[in-house]
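> Generate a structure from the sequence data that follows.
(one chain, ligands or ions: 2)
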Amino acid sequence: MELDKKRVIIDVDTGIDDAIAILFALKSPNLKVEGITTVFGNVGVEQATDNTLRVIQLAKPSYEVPVAKGAAKPLKRKLSSFSDVHGYNGLGNIELPLSRQMPVDENAEDFILRKSRELKKDLIIVTLGRLTNIAHALIKDPTLATRVKQVYVMGGAVHTTGNITPVSEANMWGDPEAADIVFSSGIPITMVGLNVTRKTKMTSQHLEFLQRHCKPENREIVSFIHNAMTFYFDFYHSNYYLMESAPVHDPLTVLVVLDPRIVKTQQMPIKIECESETCLGMTVADLRPHPEVGSPVKVCVDVNAELAINKILAVFEGIPFKNGQVTL
Ligand code: RIB
Ligand code: CA
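Numbers count the residues shown, from 1 in each chain. Ligands and ions are numbered 1, 2, ... in the order given. Reported below is the predicted structural model:
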């Protein structure tokens, strides 16, 4: 059984949706989280690391999950100020207890490189923030691109609007040079961008259902998800006119690793825009019959959104499913 598990490193900038993605990953019996690496983004890297440790403690995983701290700033650009989308602490202003766990001594890029050698072609990387750590690792050792099974990138937007500029998604915009290095490195990429994450919305109805049906041992987790998402709903109401609902970008990305059939993908050449101020971080798809720019990427273009949300929530529920348990 252990052999069937997908082995992942998750790279996070722990805000609200990263936290739920971590909880989902740690509660999914078919995943083995080999480690979590942290990066600046929603919050600074120190806060992202502290948040990650607190969230792991909340999940109470049955095995050790090392956390390696990563980049504090983009490769070439100045660090921009952090937004208040995820509250003052990145977790929707919810104070989880301080963790007893410490980050490991190794930094994120060295941790990723070592794990890629140990796990050979078994390692899957899931990125839920800026691609700075993966870019640093590729700069240090470009052969990393040949040792990783797949990188699932939460980021980008193809032929749809951005969420930080008219055309750019936050994780790509936040360090476009890093994204460019990763996308042109030859590493196999599945892009889980706004095309699909924006459709995958958690609502207050989902949260109420979850509270009614959660497994007794998941009470604290579910209460955290409920409070954090309620905070997130306010941002999405005042900025996007959504009613008691919000997209769950990062949890969907973890789900795509576990259940690739939840999305429809299309292979396309993607180039990251690094020059134009207005289009900085845009994921440009060259869909001409004879494409000339970009490297091949599996882009998620559609998702079974309602099923996706229900599958994410199911790992926290106590409802017996068809074959007796949730197998994600
Ligand atoms: O654009 C959405 C992404 O930006 C998510 O990963 C969110 O956590 C932020 O990092
Ligand atoms: Ca994130």
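> The residue of the stretch 151-300 of the chain found nearest ligand 2: which element?
Residue nearest to ligand 2 within the stretch 151-300 of the chain: residue 250 (4.9 Å; Cβ to the ion). (Each C-beta comes from the backbone N, C-alpha and C, glycine too.) The secondary structure element spanning residue 250 is helix 249-258 (assigned by DSSP states H and E).
> got the contact list for that helix?
Helix 249-258 is contacted from outside by 6, 8, 10, 12, 17-18, 20-21, 24-25, 28, 30-31, 124, 126, 128, 150, 152-154, 190, 192, 194, 196-198, 200, 262-263, 300, 303, 308, 311-312, 328, using Cβ atoms under 8 Å, 6 or more residues apart in numbering.
> Buried among those? Need that as a selection in ChimeraX.
Here is the ChimeraX command that selects the buried residues among the contacts of helix 249-258 (16 or more other Cβ atoms under 10 Å):
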select :6,8,10,12,17,18,20,21,24,25,28,31,124,126,128,150,152,153,154,190,192,194,196,197,198,200,262,263,300,303,308,311,312,328
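> so of the contacts of helix 249-258, which ones are in strands?
With DSSP state E as the criterion, strands contain 6, 8, 10, 12, 31, 124, 126, 150, 152-154, 190, 192, 263, 300, 303 from among the contacts of helix 249-258.
> which bits of the protein sit near ligand 1?
By the rule Cβ under 6 Å from any ligand atom, the part of the chain lying against ligand 1 is 13, 15, 17-18, 41-42, 128-129, 154, 163, 169-171, 249-250.
> tell me which parts of the stretch 151-300 of the chain are close to ligand 2?
residue 250 (Cβ under 5 Å from the ion).
> show me where this protein has helices.
Secondary structure of the chain, counting by DSSP state H: helices at 16-27, 45-59, 108-119, 132-140, 144-147, 170-173, 176-183, 194-197, 204-213, 219-240, 249-258, 305-314.
> JSON lines please, covering the ones you listed and showing distance to residue 88 and mean pLDDT.
Listed next are the helices of the chain as JSON lines, based on distance: least, Cβ to Cβ, whole Å; pLDDT from 0 to 100:
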{"stretch": "helix 16-27", "distance to residue 88": "12", "mean pLDDT": "98"}
{"stretch": "helix 45-59", "distance to residue 88": "9", "mean pLDDT": "98"}
{"stretch": "helix 108-119", "distance to residue 88": "24", "mean pLDDT": "98"}
{"stretch": "helix 132-140", "distance to residue 88": "23", "mean pLDDT": "98"}
{"stretch": "helix 144-147", "distance to residue 88": "35", "mean pLDDT": "98"}
{"stretch": "helix 170-173", "distance to residue 88": "18", "mean pLDDT": "98"}
{"stretch": "helix 176-183", "distance to residue 88": "26", "mean pLDDT": "98"}
{"stretch": "helix 194-197", "distance to residue 88": "24", "mean pLDDT": "98"}
{"stretch": "helix 204-213", "distance to residue 88": "22", "mean pLDDT": "97"}
{"stretch": "helix 219-240", "distance to residue 88": "11", "mean pLDDT": "97"}
{"stretch": "helix 249-258", "distance to residue 88": "20", "mean pLDDT": "98"}
{"stretch": "helix 305-314", "distance to residue 88": "26", "mean pLDDT": "97"}
